Each structure stands twice: as structure tokens, then as C-alpha cells.
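A structural model of the following input is requested.
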Amino acid sequence: MTNWLNIVSRAIEWARRLGLVALLGVVALFTLSGLAQLYLDLGGLEGDALDGLVPTVDELQAAWDTHHDTLMDVHVPATLWATLTGLAIAIGLGLGLAAVMDLVPLVRWLLYPVLVLSQTIPTFAIAVILILIFGFEFGPKIVVVILFTFYPITISTLNGLQSTERNHIKLLKSMGANPLQVWWKVRLPTAMPSFFSGLRLAATYAVVGAVIGEYVGAGDGLGKFLQRSYRSFRTDQVYLAVIIIAALSITLVVTMMLVEVLALRWRYVGQGRDLLSQWQRLKARVLE
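Sure thing, here's the model as predicted:
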């Protein structure tokens, strides 16, 4: 009997290895096919087709000098307003949904597929529908930002809540804590690192969501400036808008990281102590 079990376990292990090899082979095949297609497409372009595609630094500087006032006084504030408002609403919505899904398993079982399905709907189609509902003001842009950002916040926070150590929960229950106290004092603090991981990811999507909402709709913002630059074939303005969008995204992500450090000082202080102790042990070994 033991021999048969060993044979079956080895067969399962070999099948698993063969499955992984086959999966890697499929991924490599698609990668090579895509690279080959890109090479063929680029090879079909004439040398003159790429001229002027990438603007020079002087052209970017000239575009900045020309549109500096409009960008900083109109478009950037409009994009930031939609981004920060939508992200703030998404934080509250994501935390609320994660808490309800964690406390009520039936709600988690019902809502989780809906959340996944919401990410498969084309964003441009949603933006057009939102414009028909809310008009051409900030409403559609804010909703698009919410749709872009609430999902990573919700799923990351839910995973953090679900990964609480059972021993910590048992300890608080043995001390007479009720379920709400256990959730507030153990489960929520444990989920905070996961929440901030989702928040950093959402911050990278927030500016992009606002730009897409502006690109589809009317009004002001970097998305509208980008659309006008495309239509007028001004590649220097297009690159300038992309650089500003990237700078805003990086600034927002760095801000979220600073907020995380301030909010979770206990975590980073502990990590710093661990690194210091490891360095001291390594130094002692070297000096021996």
C-alpha cells in the first residue's frame, strides 16, 4: 500500500512539474511571437516615418513656455481636483466594502464576483455613459477615478483582514473582548499594511482615471489638453502632457508612502530595529 502511495505521489509531482513547464513554454511562445511581430512592424516603417516622433528638449521647453500659464492655472488644478476627490471617495468606499465583506461572509460571497466583473467593463464605455448621466462637469471624472481606484483598495484591505493571526484573536477573546473589539483592535490594525499597499496601487491609477474622464468629456484638465494636442498633431505638447501626468502620479504615490510611514510608525520602527540588530550581528562576525 505504501509503495502505491509513493508511486501516486511521484506521478502527481511529475504531472505538476510538466504542467509548469508547459505553462512556461506557452508564455515564452507568446512572448517571442509578440516580439517577432513588433520587429516585423518596425522593419516595415521607413526612416522618414519616425522623424519628429520624439520631440527634442528645446521643443518641450518651448511648449512649456507657451502653455505654462494655462497648464498650471487651469488644467493641472482641474485634474488634481478630480483625482483627489475620487481617490478620497474610493478610500471610504473601499474600506467600507472590505469591512462589510469581512464581517458578513454571505455579502463577501455575493459581492466578490461583482467586484471582479466591474473591472472587465471598458472604461471608455463607462465614461461615455457617465457623461450622458452627469453631464460635462466634474461628476463623470470623479466617478471614473472611483471605478479605477476602489477595487485595489477593497481587495487589498479584505486580504489583510482575512490574514489576521488566529492566535491573536484567541488571545483577545480569552481576555473577554467581543467580536467588534477584536475587529477594531486586532483585525483592522493587521490589515493596515495591506490597505496602504492597495492605496499606493490606487494612487497610480487615480491620475490616469481622471485623465481618461477628461479625454472623453469636455471641460478642462490634462486629458482635454492631451486630446487637443493629438488632434493638432503637436507631439511636443503630447509628450509634455505625459510628463506632467507621470510627475503627478509619482508625487501622489510618494505622498501615500509618507502617510503610510506616519500612520504605521510602529511597523517601520520595528523593521529599523531588526535591521540594526542584523547589522550589529554581521559586524560582530566580521570582527571576530
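
Near Leu147, how many residues? Count them for me, please.
Residues near Leu147, counting by other C-beta atoms under 10 Å, number 22. Just so you know, the C-beta spots here come from the backbone N, C-alpha and C atoms, and that holds for glycine as well.

May I ask which helix or strand encompasses it?
helix 138-162 (DSSP states H and E).

got the CA coordinates for the helix or strand immediately after that helix in the chain in PDB?
Of the helices and strands lying after helix 138-162 in sequence (DSSP H and E), the nearest is helix 166-174. Extracted C-alpha coordinates of helix 166-174, given in PDB (Å, rounded to 0.1, in the frame of the first residue of the first chain):
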ATOM      1  CA  ARG A 166      -5.800  33.300  14.800                       C
ATOM      2  CA  ASN A 167      -3.700  33.200  18.000                       C
ATOM      3  CA  HIS A 168      -4.100  37.000  18.400                       C
ATOM      4  CA  ILE A 169      -7.900  36.600  18.000                       C
ATOM      5  CA  LYS A 170      -8.000  33.800  20.600                       C
ATOM      6  CA  LEU A 171      -5.900  35.900  23.000                       C
ATOM      7  CA  LEU A 172      -8.300  38.800  22.900                       C
ATOM      8  CA  LYS A 173     -11.300  36.500  23.200                       C
ATOM      9  CA  SER A 174      -9.800  34.900  26.200                       C
END
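
Which residues does whatever helix or strand comes next after helix 166-174 contact?
Once the chain leaves helix 166-174, the next helix or strand it forms, by DSSP H and E, is helix 179-182. Contacts of helix 179-182 with the rest of the structure, by C-beta atoms under 8 Å, 6 or more residues apart in numbering, involve 169, 172-173.

other SSEs contacting the helix or strand following helix 179-182?
Later in the chain than helix 179-182, the nearest helix or strand by DSSP H and E is helix 188-216. When contacts are defined as 3 or more C-beta pairs under 8 Å, 6 or more residues apart in numbering; DSSP states H and E, helix 188-216 packs onto helix 76-103, helix 123-134, helix 138-162, helix 222-231, helix 235-263.

just to revisit the earlier point, return the member of the contacts of helix 179-182 nearest to Trp184.
Using C-beta to C-beta, Leu172 comes nearest to Trp184 of the contacts of helix 179-182, at 10.2 Å.

Buried only: go through the contacts of helix 179-182 for me.
169, 172 (16 or more other C-beta atoms under 10 Å).

Go through the contacts of helix 179-182 and say which is closest to Leu132.
Using C-beta to C-beta, Ile169 comes nearest to Leu132 of the contacts of helix 179-182, at 47.9 Å.

so how far is whichever strand or helix holds Glu59 off the chain centroid?
Using DSSP H and E, Glu59 sits in helix 57-70. Here helix 57-70 is found 30 Å from its chain centre; the criterion is C-alpha atoms, centre = their mean, to the nearest Å.

quick revisit: closest one to Trp14 among the helices and strands packed on helix 188-216?
For the helices and strands packed on helix 188-216, proximity to Trp14 was assessed by C-beta to C-beta; helix 138-162 is nearest, at 32.4 Å.

hmm, back to that, of all the helices and strands packed on helix 188-216, which gets the most neighbours per residue?
Comparing the helices and strands packed on helix 188-216 by mean neighbour count (mean count of other C-beta atoms under 10 Å), helix 138-162 ranks first with a mean of 24.

Run the angle between that one and helix 188-216 for me.
Helix 138-162 and helix 188-216 are oriented at 160 degrees to each other (axes from the mean of the first three to the mean of the last three C-alpha atoms, to 10 degrees).
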